[in-house]
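Need a 3D model of the following:
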Amino acid sequence: MGFQDRPYYQPPQPGGFGGGRGIGRMGLPRPTTVVKYLLIINIAVFLLQIIFSQRLEIWFAAMGTQPLQVWRLITFQFLHAASNPFHLLFNMIGLYFLGPILERTWGGRKFLTFYLLCGAVGGFLFVAASNLDLLDRKMILVGASGGVLGLLVACAVLFPQITVILVLFPVPIRAAAILLTAVYFLIVITSGPNAGGHLCHLGGMATGLVWVMGRGHFAALWQKRRRGAYRRKMEQEEQIQYEVDRILAKVHEQGIQSLTRREKEILRRATERHKRD
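So this is what the prediction gives:
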């Protein structure tokens, strides 16, 4: 993703996500915990890349020649083009402004899982395309763009009121997400410049969309399943209680010796359950 078309967050009016305190005043948001550590790690790794030249890329970048080294699907996200500081800069701008919104919404653990998953899926598509000879297998993939663009799509779905700056112009975040998707898709299908990187971008964006759109659907299914399980449990409890009442009535009328082995076992289990409760 070229730095010219990097979207980044435009702080809204006070009371929104920008962190402004006074009327007409806009302030920078305070990084949340996970976002802060991600920023620190990315910057530290970038400095190490400068020191160690291309060694870190050889060990940790995603590449088609090492498809079984699955850890690279995570580690490549913390590497950037050492010769182009803007690659790191604009990814970190996106993470800095969009990340805290989702971390506050979901919590740190879920946010980190989402962020890394978006990047990992993008990396997987890159590696798969390389091994299908759709890309040059000698190419490597580095950068946090897949995860950051996943954040962009998630915010576009959940917080459409956000405005971002796209090529110097403020646009609604959903419009930015749609436009970038179209541009990346066109580049990928025409094998344009950085097609492999843009394939990763599309993978991250698609993962973000599926996660956010599917989250409500899966949550509804989970709640429905829980309600069904609770209803079945209550019906089972009612059936057991009915059996216990019938057996106790039989004992009252005919004595304990009249009970069958099965009825005695039901009473024993009911007594143990009552003691536990």
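
contacting residues around stretch 54-73?
Stretch 54-73 is contacted by residues 45, 48-49, 75-76, 78-79, 82, 119-120, 123-124, 126-131, 135-142 when judged by C-beta atoms under 8 Å, 6 or more residues apart in numbering. (Each C-beta comes from the backbone N, C-alpha and C, glycine too.)

At which residues are the helices of the stretch 1-150 of the chain located?
When secondary structure is read from DSSP state H, counting those that start in this stretch, the stretch 1-150 of the chain shows helices at 33-52, 55-60, 72-75, 85-106, 108-131, 145-158.

just so I know, which of these lies nearest Glu235?
helix 108-131 (34.3 Å; C-beta to C-beta).

Nearest residue to the middle of the chain?
Relative to the mean C-alpha position of the chain, the nearest C-alpha, by C-alpha atoms, centre = their mean, is the one of Phe114, at 1.5 Å.

give the contact list for that residue.
Neighbour list for Phe114: 102, 106, 150, 154, 208, 211 [criterion: C-beta under 8 Å, 6+ apart].

Quick one, grab the pLDDT at it.
Phe114 is assigned a pLDDT of 97 by the prediction.

can you tell me how far it sits from Gly99?
10 Å (C-beta to C-beta, to the nearest Å).

what stretches of the chain score poorly on pLDDT?
Applying pLDDT under 70 to the predicted model, the residue ranges of the chain that meet it are 1-27, 216-224, 277.

List of residues touching stretch 263-277?
With C-beta under 8 Å, 6+ apart as the test, stretch 263-277 has contacts from 240, 243-244, 247-248, 250, 259.

So which bits of that stretch are buried?
By neighbour count with 16 or more other C-beta atoms under 10 Å, stretch 263-277 contains the buried residues 263, 266-267, 270.

ok, now stretch 85-98?
When burial is assessed from 16+ other C-beta under 10 Å, stretch 85-98 yields the following buried residues: 87-88, 90-98.

so can I have CSV of these showing distance to Ala177?
Formatted as CSV, the entries for those read as follows, by distance: C-beta to C-beta, whole Å:
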residue, distance to Ala177
His87, 21
Leu88, 22
Phe90, 16
Asn91, 16
Met92, 19
Ile93, 16
Gly94, 12
Leu95, 16
Tyr96, 18
Phe97, 15
Leu98, 11
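
Just give me the closest of these to Leu38.
The shortest approach to Leu38 among those belongs to Leu95, at 6.2 Å (C-beta to C-beta).

and the residue lying closest to that closest one once chain neighbours are set aside, what is it in contact with?
Once its chain neighbours are removed from consideration, Leu95 has its nearest residue in Val148; the separation is 5.5 Å (C-beta to C-beta, 6 or more residues apart in numbering). Residues in contact with Val148 (C-beta under 8 Å, 6+ apart) are 91, 94-95, 98, 204.

rerun at 6 Å
Listed by C-beta atoms under 6 Å, 6 or more residues apart in numbering, the contact partners of Val148 are 91, 94-95.

Over to Leu112?
Going by C-beta under 6 Å, 6+ apart, Leu112 touches Val34.

The one 4 residues further on too?
With contacts defined as C-beta under 6 Å, 6+ apart, Leu116 is in contact with Ile74.

need the contacts of Val148 in JSON lines with distance to Gln69, can you?
Supplementary listing: the contacts of Val148 in JSON lines, determined by distance: C-beta to C-beta, whole Å:
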{"residue": "Asn91", "distance to Gln69": "23"}
{"residue": "Gly94", "distance to Gln69": "27"}
{"residue": "Leu95", "distance to Gln69": "25"}
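
between these, which is nearest Ala195?
Nearest to Ala195 out of these is Asn91 (C-beta to C-beta; 18.9 Å).

Find the residue closest to the closest one in space, skipping its chain neighbours.
The shortest distance from Asn91 to any residue that is not its chain neighbour, by C-beta to C-beta, 6+ apart, is 4.4 Å, and that residue is Ala144.

how far away is the one you found from Gly255?
With distances taken as C-beta to C-beta, Ala144 is found 77 Å from Gly255.

and these two? which has more neighbours close in?
The neighbour count for Ala144 versus Gly255, taken as other C-beta atoms under 10 Å, is higher for Ala144 (28 against 9).
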